[in-house]
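Q: Sequence and predicted structure below; questions after.
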Amino acid sequence: MMTERPRLTPAVADVRRAIRENLADLSADSLVMVGLSGGPDSLALAAGLAFEAPRAGLRAGAVIVDHGLQAGSAEVAQAAADAARDLGLDPVLIRRVTVIAMDGPEADARTARYGAFEEVISELGVVAVLLGHTLDDQAETVLLGLTRGAGATSLSGMKPINGVYRRPLLGLRRSTTVAACADQGRAPWNDPHNDDPHFTRVRIRQNVLPLLEKELGPGVTEALARTAEQLQLDAEVLDNLAAEVMPTVLIPVRGESGVRSATLKISELEQLPDAVLNRVIRRSALEVFGVSLSATHTTAISRLVTDWHGQGEAHLPGIRVERQGGQLVLTSPVTAQPEA
């Protein structure tokens, strides 16, 4: 028995158009996977991908990550997988992960989730993983960064395309994805964590943004998202400038004693604007030591260049930094690997 074809509503059309534009640069027969939780954002994204992928000559599947953080999570994951298969997506994978407590529940779950994505990318040769972040998520990210005194890089929010990860829905409101699901007869799962006020992001979503809209007038959410877009343009230019000077500034060394080190030339660093200098420092720590520096840690290092008055070395997580003559010397002990 044939079922009635869902009508093409404005919400459904907007989701499909956003996906089509985001994937326009991919080659035919490429495998694209959607990170599917079963919530309205990712479910609308999955439905849109199922429609657009065949028309673009792409293969489309879904990966569902079961974090095991809530009772019944396995059933929720299975329901999401069933929905993906009903849409015609293939392959559909469920990956169960162990969330290790380190940096807080949200960050720890994200680390575990992206670890699962990376495994799937490697195993199947996935060229793009689509994530269901919306304009509302972008605004919340910017506002959260403002409350933490974050720099321009953090305030630039999430990118529509960041390597293999793509966010086609960043220009659409959450209300659009909810409507798209309803218009297509799809029943999304509503994560109870999204209503838990213990999470800062939930308080921003439920209390802070509505208050700003009430007191300042409508359009605050869109304005915050536009701020992210504008800062992304600025950040891209500064990142490119930092990348250009890296070969002339950074000298990485791996010693036989099991000590990884790097030197940065003071004379070169002193000529850089602060925004580029900070990026060079952060890139050096990440490329040589695999360490992501906070704004506070970055400032502690940059002061050895910009505010030098004979102060001692800076001790940061995993790195020791000291000024020796005309160089900044960064060192970090590494554990020796056992011989095979």
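A: Looks like it arrived, so ask away.

Q: In contact with residue 240, which residues?
A: Counting by C-beta atoms under 8 Å, 6 or more residues apart in numbering, residue 240 makes contact with nothing. Backbone N, C-alpha and C define where each C-beta goes, glycine included.

Q: Tell me if I am right that it is in a helix.
A: Yes. Looking at residue 240 with DSSP: H, G, I helix; E, B strand; the rest coil, it is inside a helix.

Q: what about it, distance to residue 234?
A: Noted for residue 240: a distance of 11 Å to residue 234, by C-beta to C-beta, to the nearest Å.

Q: can you give me phi and psi for the nearest residue to residue 97 once chain neighbours are set aside?
A: Nearest non-adjacent residue to residue 97, counting by C-beta to C-beta, 6 or more residues apart in numbering: residue 112, 4.2 Å away. Per-residue torsions, residue 112: phi -60, psi -40 (degrees, to the nearest 10).

Q: Burial check on residue 112, number of neighbours?
A: Other residues near residue 112 number 20, with proximity taken as other C-beta atoms under 10 Å.

Q: And stretch 315-328, what's buried?
A: Neighbour-count burial for stretch 315-328 flags 316, 319, 321, 323, 327, 328 (criterion: 16 or more other C-beta atoms under 10 Å).

Q: now stretch 297-311
A: 297, 298, 299, 300, 301, 302, 304, 305.

Q: show me what contacts the third one?
A: Just to be clear, that refers to residue 299. Residue 299 touches residue 278, counting by C-beta under 8 Å, 6+ apart.

Q: swap in the fourth one?
A: If a contact means C-beta under 8 Å, 6+ apart, then residue 300 has 314, 316, 321 as its contacts.

Q: if we go to 10 Å?
A: By C-beta atoms under 10 Å, 6 or more residues apart in numbering, the contact list for residue 300 reads 281, 293, 294, 311, 314, 315, 316, 321.

Q: Can you flag which of those residues belong to strands?
A: Judged by DSSP state E, the subset of the contacts of residue 300 located in strands is 314, 315, 316, 321.

Q: Redo those as a markdown table? Include pLDDT.
A: Below are the ones in strands among the contacts of residue 300 laid out as a markdown table (pLDDT from 0 to 100):
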| residue | pLDDT |
| --- | --- |
| 314 | 82 |
| 315 | 78 |
| 316 | 81 |
| 321 | 91 |
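
Q: Report the two of the buried residues of stretch 315-328 separated the most.
A: For the buried residues of stretch 315-328, the farthest-apart pair by C-beta to C-beta is 316 and 327; their separation is 17.3 Å.

Q: How many neighbouring residues does residue 111 have?
A: 14.

Q: Name the next helix or strand downstream of the strand or helix carrying it, please.
A: Assigned by DSSP states H and E, residue 111 falls within helix 105-124. Heading C-terminal from helix 105-124, the first helix or strand you meet, by DSSP H and E, is strand 128-130.

Q: Name the residues that touch that next one?
A: So strand 128-130 is contacted by 19, 22-23, 25-26, 30-36, 42, 45-46, 48-49, 58, 60, 62-63, 114, 117-118, 120-121, 161, 163-169 (C-beta under 10 Å, 6+ apart).

Q: repeat for stretch 181-191
A: Residues contacting stretch 181-191 (C-beta under 10 Å, 6+ apart): 3-13, 15, 37-44, 46-48, 51, 70, 75-77, 79-80, 83, 86-87, 177-178, 180.

Q: Tell me the pLDDT of residue 201.
A: pLDDT recorded at residue 201 is 87.

Q: In contact with it, which residues?
A: Residue 201 sits next to 106, 137, 140, 141, 143, 144, 193, 194, 208 when contact means C-beta under 10 Å, 6+ apart.

Q: The same query, at a cut-off of 7 Å, please.
A: Residue 201 sits next to 140, 144 when contact means C-beta atoms under 7 Å, 6 or more residues apart in numbering.

Q: ditto for residue 59
A: 29, 30, 31, 32, 53.

Q: Report the buried members of those.
A: If we count by 16+ other C-beta under 10 Å, these have these buried: 30, 31, 32, 53.

Q: if I pick the residue lying closest to residue 30 once chain neighbours are set aside, what's in contact with it?
A: Closest residue to residue 30 apart from its sequence neighbours, by C-beta to C-beta, 6+ apart: residue 127 at 4.3 Å. Shown in contact with residue 127 (C-beta under 7 Å, 6+ apart): 26, 30, 31, 32, 164.
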